[in-house]
Every structure is written in structure tokens, then in C-alpha cells.
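Novice: Any chance you can model this:
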Amino acid sequence: MINNNSILFGQKDHFAIEIKSGKGKKYKFRFWIKSTPIGSFTKSGELKYSIKAYKDFVGNKDSYYLPIFDHLTINRIYVYLTDVTLLLNGDSEGMAEFEKREKFYRFFGDQISNNTTIILLYKSPNVIFLVSESGSEMAKGFEVVYDGFVKVFKQFVSYCETNEII
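Specialist: Numbers count the residues shown, from 1 in each chain. Take a look at the predicted model:
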């Protein structure tokens, strides 16, 4: 759907991706999850990063959840994955733990990362978005049915490839 020169893939009240043309092959990009916008929609960037993040995630989705998460709240999971300062003391064990946790971060492009941190988890049948706005130590959790997530992203990727904007 095209509205105000932006293009929407999916439905805002469930899960959607919205893009708007910037300069050249740069676009504004944001998610909509349950009528909540994720991303400021003020900065343009290349869309190839969002497509790469999606493909990496779906290609390894089963590795994007740890059993420990079953016993934690959304904010405790967020702290567990983001408070890595104690792990970086220079030993190999700390580095290995840091690398294990770092993979949960998804870089969807400068359009989102300049003001929002997104961590994706997969717990069948859902994708769980942990979202923290710049300056906040708290995260909001949003669940999206995996099949709907994939359907919207496939539409988005197809549009980008067909229109040669990646």
C-alpha cells in the first residue's frame, strides 16, 4: 500500500514494514508492530542491511533463543543480552560469552540503529522483538507470528529486488 509517498508491506495493527524514498538508493525504514511504530522514520539509509538481518535471522532462527529466557522477564532478557561490560575483561571465556550474546542484535540499518536497539528472539511460533529507544535501559517486547513476519519480509524483499533499490 502506498500512502503519503511511503510504501507499507503488511498491516500496522499486526506487523508491517514501512519505507519512504530518500536520496538515491537511500530510504527511511521502520517497523509497525501492533500499531506501534519502531524507528523514528527521520533518517535515510540503505535497505540492504535490513534484508541481510532478515536473511541471517530466518536462516538460523532456532539459535535465537536460550533456555534461560524461559525464566526471565522481557527486561531481564534485555539486560542479560546488553549488559556485557562484565564479560569484556580480556579472557577467552568472557569473549566467547560476549560473542554468543552479540548475535542477538540485528542491524536493520542506520535508519533504526541511530535511535533504537532491536534484539530478535525466536520461540515457536513467534518472533519476539525486544525494542529499546535511545537513552532507555528498559525494553518493550512485541510478539509477531513467525509466518506473518516472513510473509511481510518476503513482500518487502521482492519489492526491493524488482525495483533494484538494494
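
Novice: Leaving out chain neighbours, which residue sits closest to Ile77?
Specialist: Computed as Cβ to Cβ, 6 or more residues apart in numbering, the closest residue to Ile77 that is not its neighbour in sequence is Phe69, at 5.3 Å. (C-beta placed from N, C-alpha, C; glycine too.)

Novice: So which residues of this protein form strands?
Specialist: 2-3, 6-11, 15-21, 26-33, 36-38, 45-46, 116-123, 126-133, 140-145 (DSSP state E).

Novice: Using a markdown table, please lay out the ones you listed together with mean pLDDT.
Specialist: Compiled in a markdown table, the strands of the chain are given as follows (pLDDT from 0 to 100):
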| stretch | mean pLDDT |
| --- | --- |
| strand 2-3 | 54 |
| strand 6-11 | 96 |
| strand 15-21 | 95 |
| strand 26-33 | 94 |
| strand 36-38 | 94 |
| strand 45-46 | 90 |
| strand 116-123 | 91 |
| strand 126-133 | 93 |
| strand 140-145 | 96 |
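
Novice: what would the ones you listed look like in a markdown table with mean neighbour count and distance to Met95?
Specialist: Below are the strands of the chain laid out as a markdown table (neighbours: other Cβ atoms under 10 Å; distance: least, Cβ to Cβ, whole Å):
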| stretch | mean neighbour count | distance to Met95 |
| --- | --- | --- |
| strand 2-3 | 8 | 47 |
| strand 6-11 | 18 | 38 |
| strand 15-21 | 21 | 34 |
| strand 26-33 | 22 | 31 |
| strand 36-38 | 16 | 30 |
| strand 45-46 | 19 | 30 |
| strand 116-123 | 19 | 20 |
| strand 126-133 | 19 | 23 |
| strand 140-145 | 17 | 28 |
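
Novice: Need the ones you listed in TSV (columns: distance to Phe104).
Specialist: Formatted as TSV, those follow (distance: least, Cβ to Cβ, whole Å):
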stretch	distance to Phe104
strand 2-3	33
strand 6-11	23
strand 15-21	19
strand 26-33	17
strand 36-38	16
strand 45-46	21
strand 116-123	5
strand 126-133	8
strand 140-145	13
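
Novice: Out of those strands, which is closest to Thr162?
Specialist: Nearest to Thr162 among these is strand 6-11; the distance by Cβ to Cβ comes to 12.1 Å.

Novice: for the closest one, packing partners?
Specialist: Packing partners of strand 6-11 (3 or more Cβ pairs under 8 Å, 6 or more residues apart in numbering; DSSP states H and E): strand 15-21, strand 26-33, helix 146-162.

Novice: now that strand against helix 146-162, angle please.
Specialist: 150 degrees (axes from the mean of the first three to the mean of the last three Cα atoms, to 10 degrees).
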